[in-house]
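Novice: What shape does this take:
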Amino acid sequence: MKGKPMIRRRDFLGLASVVTIGLMMSSCDSDSGTEVDTSKSRTGAMDSFGVGDTFKATTPLTFTFLFSDMPSYPYKKDWLLFTKMASANNVTLEPTIVPSSDYEQKRSLLISSGNAPEIIAKTYPGQESAYVSSGAILPVSDYVDLMPHFQDKVKKWKLEPEIEGLTQEDGKYYVLPGLHEELWPDYTLAFRTDILKKEGIAEPKTWDEFREVLRKLKKAYPDVVPFSDRFNGNSVLNIAGTAFGTVAGWGLLDGLVFDQSKKEFSFGAGTQQFKELVTYFNSLVSEGLMDPESFTQPDDAAIQKFVSGKSFVISANSQNIITYRTSMEQSLGKGNFAVSKIVVPGGPAGDIIGGSRLENGIMLNSSVKDREDFVALIQFIDWLFYSDAGQEFSKWGVEGTTFTKEGGKRKLAADINFQGLNPAGTKDLRVEYGFSGGNFAYGGTTDLLHSTFNEEELAFQKAMKSKKPRPVAPPVPFSDVDREQATLALTPLKDHAKQNTLKFITGQRPLSEFDAYVKELDTKGQSKYVELANKASKAYAG
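Specialist: All right, here's what the predicted structure looks like:
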């Protein structure tokens, strides 16, 4: 499920990820049609369906589904996930299989050609914007009254501000996101903690302390560049960007930062805070503390340096840690190293973290509004993606077959393993059964999320609770015309910001030229883009 960087890509993709299809479709007339008469489209629907009810269609139903196929656990039509769905819910899913590496492009092509399946999985909030004006996808907010579990979790977890952020100019939203009870921080920095212990160095709590730790490591190991990163630096720039009061790396997204005091947006990569961020990382590179190749090298190269002892720090999520340790047992020998994630450092903007409690979710092809079993489809989606039972099913499988549950604690069956939870198991929960895969298993209670974590990761999550989440920014629902202009402006802005982030940090461009760089952003549409964003936000707020 975490095979690709989260931002899980866990922080969400913005307009630029869908530029081409967005421009192609923005000129189309909206044709989402009138709302469905849900008093009539009830074939297969349950007459009574509320919180805690398990959905079972009153007649067998089949829905088409866009499926992102992971090479580490490739699709199998006879997975227990699907056979149990057919027997317990009376629902069969007919998937269109797309390799995960091509998923976003293929999804766009299918939607634009009118050939998309009815249920479109693995969609991050922000990605749906490109398809709104054409009427290709359903305004799902019109039908959440049919989704008791979704409504219950939004209300119980006070997710209204996050859901409001999905709103388009028409006041509706078009994606059903995964809902988390609490913020789920995962990505941070991993240290060779055995080296820290050997040198008597404490783990850093702030970015200033992080630099001091690297300086001490460099002094003790002058031939080593302590920090050589993966993900092209996008993960560390993302988490550091939040602490510096800006956005960078994976967090660049739509480029906007909201000033809570001024109540307005700015383009994050053109701010003083951004200058402080690149100045900080420039100091790491110029002092020989951070490998300049961190921003260009393949992940495998960075990993190899770390697991062979040529570097001591690298970005990681909880699953990466397991992979690093497995490799290091071969390269350094079992017992000859220790690796752990550190709590995300605080910075000039405070001890805060970014992210969202909304995760990737689904869109629905607007064609579903013509189905006689429309209500049943919505009920099924509500159960599978938003009920406690449905989420447990997607993640753990079938009680008594793939897991047992006693006193609320779940335990894998003796012959099944998942993420090292049961090393003796010879069958993988994802590979053999289809559960805990990225098309279905997202969102849920903190208890369910933590149920697959080991003690070490649970301790990390507990430590991260001391952090304050960055406040949720207000919605920026562009009109169709303004969205096209914003998309045209954002693409060159982000490209220029990314290129110059690298240049400033690695010293290819002197920091003394930062003001000139900001002026260059203006020539590429920065002021116009920010003006459009503030106009949309203020219009929505009334």
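
Novice: So which elements touch the top helix by length along the chain?
Specialist: Identified as the longest helix of the chain according to DSSP state H is helix 480-506. If contacts are counted by 3 or more CB pairs under 8 Å, 6 or more residues apart in numbering; DSSP states H and E, helix 480-506 sits against helix 19-26, helix 272-286, helix 514-523, helix 526-541. Every residue, glycine included, has its C-beta placed from N, CA and C.

Novice: residue ranges with poor pLDDT in the chain?
Specialist: In the predicted model of the chain, residues 1-34 satisfy pLDDT under 70.

Novice: Which stretches in the stretch 101-250 of the chain count as strands?
Specialist: Secondary structure of the stretch 101-250 of the chain (DSSP state E, counting those that start in this stretch): strands located at 119-123, 176-179, 188-192.

Novice: Assign residue 95 to helix, strand or coil.
Specialist: Following DSSP: H, G, I helix; E, B strand; the rest coil, the label given to residue 95 is strand.

Novice: from the helices and strands packed on helix 480-506, which stretch is densest packed?
Specialist: Comparing the helices and strands packed on helix 480-506 by mean neighbour count (mean count of other CB atoms under 10 Å), helix 272-286 ranks first with a mean of 20.

Novice: contact partners of it?
Specialist: 207, 211, 214, 227, 237, 240-241, 244-246, 248, 257, 268, 289-292, 348-349, 501, 504-507, 511, 514 (CB atoms under 8 Å, 6 or more residues apart in numbering).

Novice: residues in contact with the residue lying closest to residue 122 once chain neighbours are set aside?
Specialist: Leaving aside its chain neighbours, residue 122 sits nearest to residue 68 (4.5 Å; criterion: CB to CB, 6 or more residues apart in numbering). With contact taken as CB under 8 Å, 6+ apart, residue 68 is in contact with 98-100, 103, 121-122, 438-439.

Novice: could the strands of the stretch 101-250 of the chain be laid out in JSON lines, adding mean neighbour count?
Specialist: Output for these, formatted as JSON lines (neighbours: other CB atoms under 10 Å):
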{"stretch": "strand 119-123", "mean neighbour count": "25"}
{"stretch": "strand 176-179", "mean neighbour count": "26"}
{"stretch": "strand 188-192", "mean neighbour count": "23"}
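
Novice: if we can go back for a sec, so the residue nearest to residue 122 sits in a strand?
Specialist: Yes: counting by three-state DSSP, residue 68 is part of a strand.

Novice: wouldn't residue 91 be in contact with residue 61 here?
Specialist: Yes: the pair residue 91 and residue 61 qualifies as a contact (CB atoms under 8 Å) at a distance of 5.2 Å.

Novice: Identify the contacts common to those two.
Specialist: residue 380.

Novice: And these two? Which one has more around it.
Specialist: residue 91 (23 against 20; other CB atoms under 10 Å).

Novice: coming back round to it: tell me the one of the contacts of residue 68 nearest residue 448?
Specialist: For those, the minimum distance to residue 448 (CB to CB) is 15.7 Å, reached by residue 438.

Novice: Work out for me the element the closest one sits within.
Specialist: If you go by DSSP states H and E, residue 438 is not part of any helix or strand.

Novice: Check the gap between it and residue 504 for me.
Specialist: 35 Å (CB to CB, to the nearest Å).

Novice: so the longest helix of the chain versus helix 272-286, what angle?
Specialist: On the basis of axes from the mean of the first three to the mean of the last three CA atoms, to 10 degrees, helix 480-506 is oriented at 30 degrees to helix 272-286.

Novice: Now do helix 480-506: distance to the chain's middle.
Specialist: Mean C-alpha position of helix 480-506 versus that of the full chain (CA atoms, centre = their mean, to the nearest Å) differs by 21 Å.

Novice: Please report the distance of the closest residue to residue 518 other than its chain neighbours from residue 452.
Specialist: Leaving aside its sequence neighbours, residue 518 sits nearest to residue 270 (CB to CB, 6+ apart; 4.9 Å). As defined by CB to CB, residue 270 lies at a distance of 41 Å from residue 452.

Novice: who's more crowded, the two?
Specialist: residue 270 (25 against 20).

Novice: show me the contacts for that one.
Specialist: 497, 517-518, 521, 526.

Novice: hmm, 7 Å instead?
Specialist: Under the criterion of CB atoms under 7 Å, 6 or more residues apart in numbering, the contact list for residue 270 reads 518, 521, 526.

Novice: Identify the residue nearest the last one in space, chain neighbours excluded?
Specialist: The spatial neighbour of residue 526 that comes closest, neighbours along the chain excluded (CB to CB, 6+ apart), is residue 267 at 5.0 Å.

Novice: For that neighbour, what are phi and psi?
Specialist: phi -90, psi 110 (degrees, to the nearest 10).

Novice: ditto for the one 4 residues further on
Specialist: Backbone torsions of residue 271, given as degrees, to the nearest 10, read phi -100, psi 170.

Novice: And the helix or strand where residue 315 lies, what does it pack against?
Specialist: Using DSSP H and E, residue 315 sits in strand 313-316. Applying 3 or more CB pairs under 7 Å, 6 or more residues apart in numbering; DSSP states H and E, one finds that strand 313-316 contacts strand 188-192.

Novice: Format the CA atom coordinates belonging to the strand it packs on as PDB.
Specialist: Output of strand 188-192 as PDB, limited to C-alpha atoms (Å, rounded to 0.1, in the frame of the first residue of the first chain):
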ATOM      1  CA  THR A 188      10.700  11.600   8.600                       C
ATOM      2  CA  LEU A 189      14.500  11.000   8.800                       C
ATOM      3  CA  ALA A 190      16.100   7.800   9.700                       C
ATOM      4  CA  PHE A 191      19.400   7.800  11.600                       C
ATOM      5  CA  ARG A 192      22.100   5.200  12.300                       C
END
